[in-house]
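K.L.:
quick one, structure for this:
(6 chains)
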Protein chains: 6
Amino acid sequence: MPDERFTPRRNFAWLEDEDSNYERARVVVVPVPYDSTASGWVGSREGPWAIIEASGNMELYDIGINMEPYRLGIHTLPELAVHTGDAAAMIDRIESVVGEQIDAGKFVVTLGGEHTVAVGAARAYAKRFPGLSVLAFDANADFRDDYLDSPYNHACTLKRISEVAPVVQVGLRSAEREEHDEIRKRGLPFFQPAEYRALGPAGIADKLSDNVYITFDLDALDSSVMSAVGTPEPGGLHWDEVSELLATVAQAKRIVGFDVTELAPQLGPRAASQLAAKLTYRLIGLALRE
Amino acid sequence: MPDERFTPRRNFAWLEDEDSNYERARVVVVPVPYDSTASGWVGSREGPWAIIEASGNMELYDIGINMEPYRLGIHTLPELAVHTGDAAAMIDRIESVVGEQIDAGKFVVTLGGEHTVAVGAARAYAKRFPGLSVLAFDANADFRDDYLDSPYNHACTLKRISEVAPVVQVGLRSAEREEHDEIRKRGLPFFQPAEYRALGPAGIADKLSDNVYITFDLDALDSSVMSAVGTPEPGGLHWDEVSELLATVAQAKRIVGFDVTELAPQLGPRAASQLAAKLTYRLIGLALRE
Amino acid sequence: MPDERFTPRRNFAWLEDEDSNYERARVVVVPVPYDSTASGWVGSREGPWAIIEASGNMELYDIGINMEPYRLGIHTLPELAVHTGDAAAMIDRIESVVGEQIDAGKFVVTLGGEHTVAVGAARAYAKRFPGLSVLAFDANADFRDDYLDSPYNHACTLKRISEVAPVVQVGLRSAEREEHDEIRKRGLPFFQPAEYRALGPAGIADKLSDNVYITFDLDALDSSVMSAVGTPEPGGLHWDEVSELLATVAQAKRIVGFDVTELAPQLGPRAASQLAAKLTYRLIGLALRE
Amino acid sequence: MPDERFTPRRNFAWLEDEDSNYERARVVVVPVPYDSTASGWVGSREGPWAIIEASGNMELYDIGINMEPYRLGIHTLPELAVHTGDAAAMIDRIESVVGEQIDAGKFVVTLGGEHTVAVGAARAYAKRFPGLSVLAFDANADFRDDYLDSPYNHACTLKRISEVAPVVQVGLRSAEREEHDEIRKRGLPFFQPAEYRALGPAGIADKLSDNVYITFDLDALDSSVMSAVGTPEPGGLHWDEVSELLATVAQAKRIVGFDVTELAPQLGPRAASQLAAKLTYRLIGLALRE
Amino acid sequence: MPDERFTPRRNFAWLEDEDSNYERARVVVVPVPYDSTASGWVGSREGPWAIIEASGNMELYDIGINMEPYRLGIHTLPELAVHTGDAAAMIDRIESVVGEQIDAGKFVVTLGGEHTVAVGAARAYAKRFPGLSVLAFDANADFRDDYLDSPYNHACTLKRISEVAPVVQVGLRSAEREEHDEIRKRGLPFFQPAEYRALGPAGIADKLSDNVYITFDLDALDSSVMSAVGTPEPGGLHWDEVSELLATVAQAKRIVGFDVTELAPQLGPRAASQLAAKLTYRLIGLALRE
Amino acid sequence: MPDERFTPRRNFAWLEDEDSNYERARVVVVPVPYDSTASGWVGSREGPWAIIEASGNMELYDIGINMEPYRLGIHTLPELAVHTGDAAAMIDRIESVVGEQIDAGKFVVTLGGEHTVAVGAARAYAKRFPGLSVLAFDANADFRDDYLDSPYNHACTLKRISEVAPVVQVGLRSAEREEHDEIRKRGLPFFQPAEYRALGPAGIADKLSDNVYITFDLDALDSSVMSAVGTPEPGGLHWDEVSELLATVAQAKRIVGFDVTELAPQLGPRAASQLAAKLTYRLIGLALRE
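P.N.:
You can find the predicted model right below:
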């Protein structure tokens, strides 16, 4: 029984050992404090810990989905060590860690860091879930082949992921012309907010296969509610829209894992970290609801 | 006649003596810089003064309601001294100060500080207005019986208030399961934003008695426009929704007093303090409009 | 050919010399770091440079209008020197610089600084475009004759501009009674957000003459997405509304020049500067689209 | 007797009415929130109020001088209204207000705002105290004849003051060559920190006449302890040095009035405002100690 | 063997399990995020975690004392739960936790939170070490009997501690007259920085008994290097002075335990948290060096 | 002749073209916004531009050395593009750019960015100046062979530089034991502040060869005056000490080039950027004084 004179140790959701020990946990959170390829405003290395900090300021009961996701058991791994010499090696490290957890039967939540970290996580999932599709929330196309001398720059994230699984993107409102041309030429399902609103959440769900991995770059959200990202953009998705889309996908498909990335906490108010924590928690609940 | 080489002293709305002296004032503002029971991010003790500061940056004519509320006369009391040993004693102090002002025929505006300060103000009103009902804006249920070893912790505010007058709450999107279960079991009128939108402002007004006290925890607002609170939550009420609800209630009922609480100015941009000042000013106008 | 080991020098949009040299440029950006008459929260002198800084964090292709405005050529002048003794002299300086650029066949974008700088720019345009009308985005009426002992205080901006060209204003939600009375008495087309929504973008365009100068005080935007201004106001225009109105006017009329003012970057997150940069870039594209 | 349920109103040192009413007060504080001619980093308009705020966080007994200066009675005037059109008119306003207070027998403490405000205060004193000398603390020579088109720019402060009384300056470590040449050519007593250390406090006192006005630009202090100024400079004076010099001058001469200027609170930690408050309080005590 | 793909979990000094497990650890760190009685600027509740955060940015070898203190084994307990109703109950909780650790043979390091937390820790030590003396670093006398209605307000800390063990204080430069009078009347060894410099570190050590408990309120340090405290004061102790005094006391006496309190990280730069971490680490090394 | 209505474009020291064009310039400033290997607090990528920004707030006459360094002509190159895939490639890029400038007869000033950038600059100098020695200011030994999987991590900087030229270091107060052991075993001239004070500036100069390259990691300075670095350390060098040492070395030896690195402007007040600008400017003057 926990000693009531103490608060729990800081893990995701600040859970007592009973709800956060590895053996019992259905969910494993992998914090990845990596932002070495960031090209603009930096600081997403502080994102994972800011989410963990803010998660102690949430109610454990999520009234919006009428559920207490922590009862699934959520274990938080220590933060990944950063490989500063080589982005490819860092991605391999992420893939290996996430892969091991999937193999151990865990549902893996990867917390970035820059969006690049999603490449490692998505690879681990794609290898283990044939036919996997990826639902990407992102303001940017991230569809460059190479950027600032690296194929693993954050601006290439969705391009790299699309090499292992088909990607459906929502929230697009920034791209270079070449990216946009390629997306249109290939008819890729990349949706601007207005296009998403026209299509509706069920329309998105229809484009996904049975097993879905979600990669959530927080800049998909409108910059009013999410300013703490390296490339904040107005005209984005609102909280209620995101909540509804996630709920729809969760009901129609099986969400097998996800990541939340690009929180750079010093660039916005603490409310942004709080939102990221709540989004993470809700997604856990939605994905694993019976 | 004021000496034009000087600006007015800093009181709420930065009024000249002519419009702010106690005798003439219809309205009395009570600043309560108290946050000793805050369990998360602290700093609402700086809220009252931040509102007063920002109030000098407002126009005295409120174009949204076509009225100059300052003409009612608004007197700002000095800040309440904080009782650091015992939350119950602090609430008693608030009740005594607010009660004296009501007895002197004033309309009292209490500025927090944490939401707890509303317990003192609401008690003073409930004792003097039999049949009073309370309209609460809040993101959190605040319906715990006891929290962190105190029945006067800010997380118990609406529970405490409900012991002296029936409460209608709008903006709910965070609660613990036990609170939520009790609210549902007892059929209390606590509305999430989507539920409020379905019901409409008149529907809320219908649930209130003739004399209404309003307690406004600023976290009821969406975290995009109100990040400077201890528990910012996305998915909240927007400014126009709040304005409309307040106008509807003001027209249908008699607002006898109100508080605005939980502004922790360092947690967000100055725009948040500005909004809190404008909200306070508008509520004064709406409540006392002939 | 640019040396790829270097990034471009910092000008608006961080363009290589090829796209930013004066001769080729269709557009000239005039940064005016002036805020000496600011009466509330100060710091808009840092606005022009913050916009230039943030503009390097934009994609050069604007997916929202499917256009690469930088291909028009955008030259950024050095910042104007500030005249600290006398506001009138500063406005004359702005008028002379802007006028020279118009005479040289350039499309001029003035970056404030406080809204006052728009008076100089608008005068230069009004003298050269008979029948010019002005579309003003602003939360405040700015229609005082004189304020804090100066006719060139920022609170008099639209009054001063209206003396050289008729003004249509959108976004109004703050004024003193005298301003409001005069606006109503004279039947001036000053629209609050709700009024604008009722009228629609085409309704606004109808009130403008063929040649339109746009003066954009950023506080016209809702304070959720634009907190970095001296007088942030809730209940304002949203990004999509502004984008739509600008696109409508650009299509129906000829936009001959514009300014973007009042960004005080330290008062909000960097996301606000990013928005101001993107707005500026989009307006360039819309105004000069073939 | 004060009501113990309340804190005092915010005036300098947060004094009860008994110690701060005008009639009894030996000292009058004049807050001047003016920074319109600031050429670099702006924000000293917020200085006077930041000093007043921080002054509530001081002990009223100053252990360093074993004295309770508040017992002299300290009245704080409302803040001066800012004249935004013309720096000369603002200085006249300051001179008139300070002059009236001297004539009423008060010891006047002027709180800036930019250093320019000292010109008005020093003029008022020089007219009333023939043979007055001025002790200036400043990192900058401030000895330009004219700057950014104005003779009243903050960079001309000591030049303007030297036209009404001889100036001894301490803390110099930034100047343009022309200023420095003139200072040397005319043999003016302007001392760099190392020169001051060689000379010692008594050496400074010897250069002053019987009646001394002190103008204290906070950038005279080392930027480690005073970063909240528009032109912070390393290599400056330390607190103990300043305290010792002030004590020496206070004992050897009669300090008739003083100003403390250039605090721009947002540019540094609150500790800087706290220091400015404590400096102001100590100077009051030293100047008026029997 | 630790998995090199991960960093250690966040405990004090970010140690691997091998160096931080409870059994092996000679040292136990007790984080106490309590600041409910803070009377001025608040936020020291965030101090313990800020120290833990910053401690990961230190080298584990302390070159200044040529020692690797972590080899002693340092275990960090979870944070104490806060008692928001009653300060006395919180102090009891601290005393019970610290006492248990002493009884288990551990060297206890208490991290505040406000200085009040030291009362609990000092009581636990005084009961177990008869003849204990206390070395207090503090800018403030903290010698009030009662403050803001509580005997456990932070302003009463040294008074409360002096009731269980004699106190020697260094760094004094702020007090109310009554405190100062009592200190002088009773001839208590409370030293201002200049007095300490005259006496020297050995002179302080001479005044202590064999077993010494150290309570370190960070405001004893000069505000240039430690601005992140609620009552920053210029004219304080410098790092080298503190280091020398601690080394002298460690050599001459036995340091049995200590606390480091009053870090309010948001009030200063991260460098302040870094200093607090380094101070804590060095004190561990000095106290337990063979 | 410059148009006085404009300020100069932003280059180092904000010089008019006459004083900053490449041909005439004796000095070339190379800004390198690189921080990809930062292991702790990030943001030094913003350092070069923050120095350039702050340099406009300096007087061009440096009274401390009685010289106007800008008269030498100072040209600022555009910022280097960042190579995000591979630290070694980035260092090569720096070496090639710096080398070209040396070959063109320029005195090169490299502005970091993290300390790693010094490796490229030092290599370029070492190849061209046989017998070169390096004077390093640094709080950290930076003498690791490899760190976080890269030999070019910032923690290896002085190790890498020592492979091309002998290094004398001043300011050391943080190291891991292995580094310290190697430094002592090999008898390297790495001096802690106290050791430096014992030795004096001439003692340092004696250890240097005729041609000296200076690498200045700003954390060598005391954290009171330089908090805006990734690893701020108390107990460091003060401004006057650094100024004196630089002046001594400049007189006794020939300084052939230098870098200033590790300014992370968001981690401290603007005063830190101002200091870095002034240091850079003074070093230019000292190095090239006839």
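K.L.:
which strand or helix spans A:L283?
P.N.:
helix A:270-288 (DSSP states H and E).
K.L.:
do that helix and chain E meet?
P.N.:
No: contact of helix A:270-288 with chain E is not found when judged by CB under 8 Å from any CB of the partner chain; the minimum separation is 10.3 Å. Yep, even glycine has a C-beta here, placed from its N, CA and C like the rest.
K.L.:
touching chain B at all, that helix?
P.N.:
Yes: judged by CB under 8 Å from any CB, helix A:270-288 and chain B are in contact via A:R270, A:A271, A:A272, A:Q274, A:L275, A:K278.
K.L.:
just curious, which of those is nearest to chain E?
P.N.:
The closest of those to chain E turns out to be A:R270 (CB to the nearest CB; 10.3 Å).
K.L.:
ok, that closest one touching B:S227?
P.N.:
Yes: judged on CB atoms under 8 Å, A:R270 makes contact with B:S227 at a distance of 7.4 Å.
K.L.:
between those two, tell me which one has more neighbours.
P.N.:
Between A:R270 and B:S227, counted using other CB atoms under 10 Å in any protein chain shown, B:S227 has the larger neighbour count: 29 against 25.
K.L.:
any figure for the gap between the more buried one and B:P31?
P.N.:
Distance of B:S227 to B:P31, computed by CB to CB, to the nearest Å: 22 Å.
K.L.:
again with A:A194
P.N.:
45 Å.
K.L.:
next: A:M90.
P.N.:
52 Å.
K.L.:
can you give me the helices for the stretch 151-290 of chain A?
P.N.:
A:157-162, A:177-185, A:193-206, A:239-252, A:270-288 (DSSP state H, counting those that start in this stretch).
K.L.:
count the neighbours of A:S96 for me.
P.N.:
A:S96: 14 neighbours (other CB under 10 Å).
K.L.:
that one: which element?
P.N.:
helix A:87-103.
K.L.:
centre of the chain to that helix, how far?
P.N.:
Put simply, helix A:87-103 sits 15 Å off its chain's centre (CA atoms, centre = their mean, to the nearest Å).
K.L.:
give the buried residues for it.
P.N.:
By neighbour count on 16 or more other CB atoms under 10 Å in any protein chain shown, the buried set for helix A:87-103 is A:87-88, A:90-95, A:97-99, A:101-102.
K.L.:
considering only the residues you listed, which also neighbour chain E?
P.N.:
Okay, of the buried residues of helix A:87-103 touching chain E (CB under 8 Å from any CB), that's A:R93, A:V97.
K.L.:
in CSV: the buried residues of helix A:87-103, plus pLDDT.
P.N.:
Output for the buried residues of helix A:87-103, formatted as CSV (pLDDT from 0 to 100):
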residue, pLDDT
A:A87, 85
A:A88, 90
A:M90, 93
A:I91, 95
A:D92, 96
A:R93, 96
A:I94, 97
A:E95, 98
A:V97, 98
A:V98, 98
A:G99, 98
A:Q101, 98
A:I102, 98
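K.L.:
between the buried residues of helix A:87-103, which sits nearest chain F?
P.N.:
The closest of the buried residues of helix A:87-103 to chain F turns out to be A:A87 (CB to the nearest CB; 5.8 Å).
K.L.:
tell me the contacts of the residue of the stretch 51-200 of chain A found nearest chain D?
P.N.:
Closest contact between the stretch 51-200 of chain A and chain D, by CB to the nearest CB, is at A:E53 (22.1 Å). The contact partners of A:E53, by CB atoms under 8 Å, 6 or more residues apart in numbering or on different chains, come to A:R10, A:S273, E:W49.
K.L.:
are we agreed that the first one is in a helix?
P.N.:
No: the assignment for A:R10, made by DSSP: H, G, I helix; E, B strand; the rest coil, is coil rather than a helix.
K.L.:
follow-up on the earlier one: turn the helices of the stretch 151-290 of chain A into JSON lines, including distance to chain C.
P.N.:
Listed next are the helices of the stretch 151-290 of chain A as JSON lines, based on distance: least, CB to the nearest CB, whole Å:
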{"stretch": "helix A:157-162", "distance to chain C": "15"}
{"stretch": "helix A:177-185", "distance to chain C": "4"}
{"stretch": "helix A:193-206", "distance to chain C": "8"}
{"stretch": "helix A:239-252", "distance to chain C": "12"}
{"stretch": "helix A:270-288", "distance to chain C": "9"}
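K.L.:
do stretch A:239-250 and chain B meet?
P.N.:
Yes: using CB under 8 Å from any CB, stretch A:239-250 reaches chain B at A:W239, A:D240, A:S243.
K.L.:
one step back: shared neighbours, A:R270 and B:S227?
P.N.:
B:L267.
K.L.:
please save the CA atoms from the helix or strand of chain A with the lowest mean pLDDT in PDB.
P.N.:
Sorted by mean pLDDT, DSSP states H and E, the helices and strands of chain A end with helix A:177-185, the least confident at a mean of 90. Below are the C-alpha coordinates for helix A:177-185, written out as PDB (Å, rounded to 0.1, in the frame of the first residue of the first chain):
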ATOM      1  CA  ARG A 177       6.100  23.300 -53.900                       C
ATOM      2  CA  GLU A 178       8.000  20.100 -54.800                       C
ATOM      3  CA  GLU A 179       6.400  18.200 -51.900                       C
ATOM      4  CA  HIS A 180       3.000  19.500 -52.800                       C
ATOM      5  CA  ASP A 181       3.400  18.600 -56.500                       C
ATOM      6  CA  GLU A 182       4.500  15.100 -55.600                       C
ATOM      7  CA  ILE A 183       1.600  14.600 -53.200                       C
ATOM      8  CA  ARG A 184      -0.800  15.700 -55.800                       C
ATOM      9  CA  LYS A 185       0.800  13.800 -58.700                       C
END
